[in-house]
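Peer 1: Predicted model and sequence below, questions to follow.
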Amino acid sequence: MKAVTARRYGPADILRIENLPRPEPGPGEILIRIRAASVTTADWRLRAAAFPGGLAIIGRLVAGLWKPRHLVPGSDVAGEVAALGAGVTGFEMGQRVVAVLGHGGHAEYGLAKAEDAVALIPEGMNFDEAAALPFGGLTAQEFLRDVAQLRAGQTVLILGASGGVGAYAVQIAAACGAHVTAVAGPGRAAVLRGLGAERVLDYRRDAITGRFDLVFDTVGAMRWPESRRLLDKDGLFLPLNFGLRELGHMLRAKLSGGPRMALHVSGDSRAALDALLELWRAGKLRPVIDSRFPLEQIAAAHRLVETRHRAGAVVLEVDPATEGQSQTTGLT
């Protein structure tokens, strides 16, 4: 099978397309014929060992000290069940599925654990859209629903609102009944209002004004002292990216009283993925895709993600023959 490989840490150009043996499913595993996969911020950071805020040593211990622990990168995929390992129930050959693999997703075949985040793709959703959902959608859902416990009527400021996580955070916050102020780059206002934002600010020229129950920073654009001035007395600052500095800020916030700060690392589960797909079925969430690339242009896809200026997900069309879509740019 064709697969992207990362044999060392480095810039996007270290990525290669190689022919590797097709994996075989073990007990409890599903082999997926991958049709589409997303390239996420996590993929970029793991490829470049670009771990934020003083966490380089910890990141290397987890991801691989001298080179990536996993040869084939990529996590979020959509495709068809190609084989079932022993003991797998609830899935059938040929079913269309979306899954979070953890690694090995930027290839023609990948293995998923049947008990983890694997779900059937709803009728009417294509492979590209399904692959675009998990990273941003699951992260936004967990941070807003489980950590912030967002409620109807609350005011929310979302930084990086048109990015891979932000575009879903706007929709999920609006679906909760919150009043959303979205901060993004120029030219995003119409799209973000269409996703549910009540107010859109251009980070290059607009000052952030008002008071908020929640500040959700999806791109590392704001520090705790700045967010504290924008929060109500019981408000919460929730940064997606954090390092040792933010750990110190959180401890000081707990000691000083007033607005709070929370740090969280999201996980993936089938229940969470099912909840996300239910929002899609209810018409409250739609996949947001910035660009599509063929597998052979994996380096270009990584470079786009690394700019931090995309509008939505970046999708690899691994084998789009069944739903042939050409490469496009722009929110869809």
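Peer 2: Now that the structure is in, tell me what you want to look at. Residues are numbered from 1 along each chain as shown.

Peer 1: Please count neighbours and contacts with C-alpha atoms only from this point.
Peer 2: Fine.

Peer 1: Tell me how many other residues crowd P186.
Peer 2: Residue neighbour count, defined by other C-alpha atoms under 10 Å, stands at 12 for P186.

Peer 1: Give me the neighbour count for the spatially closest residue to it that is not a sequence neighbour.
Peer 2: Closest residue to P186 apart from its sequence neighbours, by C-alpha to C-alpha, 6 or more residues apart in numbering: D202 at 5.5 Å. Taking other C-alpha under 10 Å as the neighbour definition, D202 ends up with a count of 16.

Peer 1: what about D202, distance to L157?
Peer 2: Between D202 and L157 the distance, using C-alpha to C-alpha, to the nearest Å, works out to 13 Å.

Peer 1: which residues do the two both contact?
Peer 2: Common neighbours of D202 and L157 are listed as V183 (criterion: C-alpha atoms under 8 Å, 6 or more residues apart in numbering).

Peer 1: picking up where we left off before, wait, what's in contact with the residue nearest to P186?
Peer 2: The contact partners of D202, taken as C-alpha under 8 Å, 6+ apart, are V183, A184, G185, P186.

Peer 1: tell me the domain ranges of this structure?
Peer 2: 2-133+287-323, 136-261 (automatic domain parsing).

Peer 1: Quick one: those as a markdown table, columns for distance to R281 and mean pLDDT too.
Peer 2: Putting these into a markdown table (distance: least, C-alpha to C-alpha, whole Å; pLDDT from 0 to 100) gives the following:
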| stretch | distance to R281 | mean pLDDT |
| --- | --- | --- |
| domain 2-133+287-323 | 8 | 92 |
| domain 136-261 | 13 | 91 |
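
Peer 1: Look up how far R204 lies from V314.
Peer 2: As it turns out, when the distance is counted by C-alpha to C-alpha, V314 lies 23 Å from R204.

Peer 1: cool, and F242?
Peer 2: 23 Å.

Peer 1: Then L84?
Peer 2: Counting by C-alpha to C-alpha, the gap between L84 and R204 amounts to 51 Å.

Peer 1: Who has more neighbours out of those two?
Peer 2: With neighbours defined as other C-alpha under 10 Å, L84 and R204 compare such that L84 has more, 23 against 10.

Peer 1: Strands along the stretch 51-200 of the chain, start to end?
Peer 2: 76-84, 96-100, 109-113, 118-120, 155-159, 179-184, 199-202 (DSSP state E, counting those that start in this stretch).

Peer 1: Send me the third one as PDB with only the CA atoms.
Peer 2: Extracted in PDB, the C-alpha atoms of strand 109-113 (Å, rounded to 0.1, in the frame of the first residue of the first chain):
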ATOM      1  CA  TYR A 109      -5.200   1.200   4.800                       C
ATOM      2  CA  GLY A 110      -5.200   1.700   8.600                       C
ATOM      3  CA  LEU A 111      -6.200  -0.100  11.700                       C
ATOM      4  CA  ALA A 112      -8.700   1.000  14.200                       C
ATOM      5  CA  LYS A 113      -9.600  -0.500  17.600                       C
END
